Structures are given as structure tokens and as C-alpha cells.
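Engineer: kindly generate the corresponding structure for this input.
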Amino acid sequence: MSRSSLLLCVFLAACAADVGDGKAKATVSEVPNAPTPPSAPATDGFVVPALTAAKLLDVDVAQSKLGALGAKITAQHPIVFHEFAGKVGLEGDTVTGVAFSAKIASLEADQERLTGHLKKPDFLDAVAYPYATFGSTEIKQQIAKDGTTDTVTGDLTIHGVTKRVTFPATILVDATKVFASAEFVINRQDFGVTYPGKPDDLVQDNVVIQVSFVAPRN
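Structural biologist: Presented below is the predicted three-dimensional model:
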């Protein structure tokens with residue numbers, strides 16, 4: 001084997017797999033021309049997309065998680081949002097809506113330098129676009145082979161760009177709480193996040209969104 005071929009093999013072996021492999025890919029489309037419902041303040045001061053329901057529950061941040069998984073050619077990088085707020089709409093024992101707002105400046109990656117870079121103008125631009133938000137427009141009960149119980153559709157805003165997305169989720173309701181979780185893939189290019197990365201360590205376009213919410217019913 002030539003030296004160049006050996007180097008290529010080593011390089012390929014070091015490449016991180018596509019973070020979207022084996023995960024549900026969200027369906028992404030333009031938002032239909034329809035009036036946008038006014039946002040409503042959450043209990044902790046965040047503004048989340050408005051929901052219409054008989055009862056609105058606040059997401060308990062202490063019991064909930066919001067994060068993402070991105071990657072370059074050479075490595076995957078988990079990201080956690082430390083400041084976020086959410087609402088759950090409830091009609092009887094049926095969840096009819098979910099909404100959240102995350103503060104971009106509160107994100108933390110697995111490397112300090114990456115944490116800072118993600119907040120800069122050439123990436124997510126935490127100053128110009130301080131929040132990412134999601135507000136559902138429809139929730140369908142649909143039990144799938146992967147164990148998810150529902151299909152959620154709604155408007156996701158990242159980097160000032162809003163797209164309508166549909167993804168699978170697990171939503172469970174009992175006497176004391178509502179639990180919702182989802183893991184789905186989006187393409188960052190759809191939301192105007194176009195930073196390519198270094199020529200020898202390009203940033204993958206796929207990003208995995210990871211959501212786990214608990215909303216007490218009391």
C-alpha cells in the first residue's frame with residue numbers, strides 16, 4: 001500500500017459517522033401563509049409560541065432536557081441548552097400542543113472553544129438571533145414500530161428562519177404529569193446556518209435535535 005493510500009485510510013477511519021444515521025429525519029417545508037398566533041410569556045420570562053388548549057402546563061426545566069448533536073468530519077459534539085422554557089396544551093388527558101423557547105447564549109458544547117464559536121455571527125449568532133423556538137400546529141396519535149406514540153408538526157425557528165417540521169415523538173400522560181421526548185434530524189442549511197468549517201474538517205449539515213420534557217399537572 002502506498003503512503004498516500006495509507007494516509008487516506010487513516011483519515012477515513014478517523015471520520016465521524018453522519019450524526020443522522022439511524023435517526024428519524026424531520027420533514028421540512030415552508031410555512032403556509034397563515035396568521036401567526038401571538039406569543040405568550042412563560043413563567044420564567046421566556047417567550048414561547050402561543051398554544052390554545054383547555055389547560056396549559058409549564059414544563060419543569062429541572063426535570064427536562066434540551067440539546068443537540070452536531071459533527072465535523074473528525075468528531076461528534078453534543079450540545080446542551082441550559083436556559084429554556086416550554087408549555088404543554090392539554091384537553092382532558094390528551095396533549096394537543098407543545099411549545100418551547102431556548103436561549104442560544106445558554107448553549108454549551110463539549111469543548112469550550114466550540115461553545116464560543118457556535119454563538120458567533122458566522123454560526124448561530126446569539127446576539128442577532130437570541131432564541132430558538134418551536135410551536136406545534138398539529139399532534140397526531142400514531143404508534144410506530146420504533147415505539148414513538150405521536151407525530152408532531154409545528155413551526156421551528158432557528159437563526160431567524162422559520163420552517164414547518166414534522167417528526168415522531170413519544171408523549172405519555174398520567175395523573176401527575178405529561179412526559180414528551182423526541183429525537184429527530186434537521187439540515188442546518190435549511191435554517192441559514194451555513195458555516196462550512198475548515199477545509200480539512202468540514203461541518204456536517206445534519207444536526208440531531210434532542211428533546212425531553214416533563215410538565216407537572218398540579
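
Engineer: nearest residue to L57 other than its sequence neighbours?
Structural biologist: The spatial neighbour of L57 that comes closest, neighbours along the chain excluded (C-beta to C-beta, 6 or more residues apart in numbering), is A215 at 4.0 Å. For every residue, glycine as well, the C-beta is placed using N, CA and C.

Engineer: same deal with L69?
Structural biologist: Take L69 and drop its neighbours on the chain: the residue closest to it by C-beta to C-beta, 6+ apart is V208, 4.1 Å away.

Engineer: how far away from the center of its chain is the helix or strand hosting the one you found?
Structural biologist: With elements taken from DSSP states H and E, the one containing V208 is strand 206-216. Offset of strand 206-216 from its chain centre (C-alpha atoms, centre = their mean, to the nearest Å): 6 Å.

Engineer: which neighbours in the sheet does it have, and how are they oriented?
Structural biologist: In the sheet, strand 206-216 lines up against strand 65-71 (antiparallel), strand 177-187 (antiparallel) (DSSP bridges).

Engineer: so after the shortest one, what's the next helix or strand?
Structural biologist: Scanning forward in sequence from strand 65-71 by DSSP H and E, the next helix or strand is strand 76-81.

Engineer: partners of the next helix or strand after that next one, with directions?
Structural biologist: As assigned by DSSP H and E, the chain's next helix or strand after strand 76-81 is strand 84-91. Within its sheet, and counting by DSSP bridges, strand 84-91 is paired with strand 55-58 (antiparallel), strand 94-103 (antiparallel).

Engineer: helix or strand right after the longest one?
Structural biologist: Next along the chain after strand 94-103, taking DSSP H and E as the criterion, comes strand 107-109.

Engineer: now that next one: buried residues?
Structural biologist: Residues of strand 107-109 classed as buried under the neighbour-count rule (16 or more other C-beta atoms under 10 Å) are L107, A109.

Engineer: show residues contacting it.
Structural biologist: Identification of contacts with strand 107-109 by C-beta atoms under 8 Å, 6 or more residues apart in numbering yields H77, P78, I79, V80, F81, H82, T115, L118, K119, L124, A126.

Engineer: which among these gets closest to V88?
Structural biologist: Checking these against V88 with C-beta to C-beta, the nearest one is F81 at 17.8 Å.

Engineer: burial measure for that closest one, as a count.
Structural biologist: By the other C-beta atoms under 10 Å criterion, the neighbourhood of F81 contains 19 residues.

Engineer: longest strand of this structure?
Structural biologist: When secondary structure is assigned using DSSP state E, the longest strand within the chain turns out to be strand 161-173.

Engineer: what are the buried residues along that strand?
Structural biologist: Using 16+ other C-beta under 10 Å as the test for burial, strand 161-173 gives T162, K163, R164, V165, T166, F167, P168, A169, T170, I171, V173.

Engineer: flag the shaky bits of this protein, pLDDT-wise.
Structural biologist: Scanning the chain for pLDDT under 70 picks out 1-16, 34-45.

Engineer: and the longest strand of the chain, what other elements does it pack with?
Structural biologist: Packed against strand 161-173 by the contact rule (3 or more C-beta pairs under 8 Å, 6 or more residues apart in numbering; DSSP states H and E) you find strand 27-29, strand 94-103, strand 150-158, strand 177-187.

Engineer: can you rerun that using 10 Å?
Structural biologist: Other elements packing on strand 161-173 under the criterion 3 or more C-beta pairs under 10 Å, 6 or more residues apart in numbering; DSSP states H and E are strand 27-29, strand 84-91, strand 94-103, strand 131-141, strand 150-158, strand 177-187, strand 206-216.
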